[in-house]
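Q: attaching a predicted model along with its sequence, questions to come.
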Amino acid sequence: MWTIPRSRVRSLTEAGQKIEAIKLLRERTGAGLEEAQEAVERMAERRGLASSQRVGCLGVVLLALMSLVWLVGRR
């Protein structure tokens with residue numbers, strides 16, 4: 001499956017450059033977006049790296065909801 005050095009994908013993932021790792025994996029292997037993303041996420045999980053992208057989105061949603069509740073409560 002891997003036609004590129006795993007170390008390159010691993011180093012991009014560890015540097016927090018998951019999008020670049022996914023792009024590289026797709027370019028070199030012809031993998032689809034979902035397949036490449038899952039492979040990079042699995043690699044990150046095995047190395048104990050948090051998925052900051054998902055946590056960040058959740059944080060934005062929670063912040064928006066808290067702001068909305070605060071605004072409604074002021075009326």
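A: That came in fine, so what should we check first? Numbering: from 1, shown residues only.

Q: hey, which helix is longest across the chain?
A: Secondary structure assigned by DSSP state H gives helix 52-74 as the longest helix of the chain.

Q: quick one: contacts of that one?
A: The list of residues contacting helix 52-74 from outside it, by CB atoms under 8 Å, 6 or more residues apart in numbering, reads 16, 18. The C-beta positions use only the backbone N, C-alpha and C, and glycine is treated the same way.

Q: repeat the analysis, applying 10 Å as the threshold.
A: Contact partners of helix 52-74, identified using CB atoms under 10 Å, 6 or more residues apart in numbering, comprise 16, 18, 19, 41, 44, 51.

Q: list the buried residues for that helix?
A: Buried residues in helix 52-74, counted by 16 or more other CB atoms under 10 Å: none are found.

Q: for the chain, what are the low-confidence residue spans?
A: 1-5, 50-56 (pLDDT under 70).

Q: list only buried entries from the contacts of helix 52-74.
A: By 16+ other CB under 10 Å, those give 18, 41, 44 as buried.

Q: okay, and which of the residues you listed map to strands?
A: Using DSSP state E, no member of the buried ones among the contacts of helix 52-74 falls in strands.
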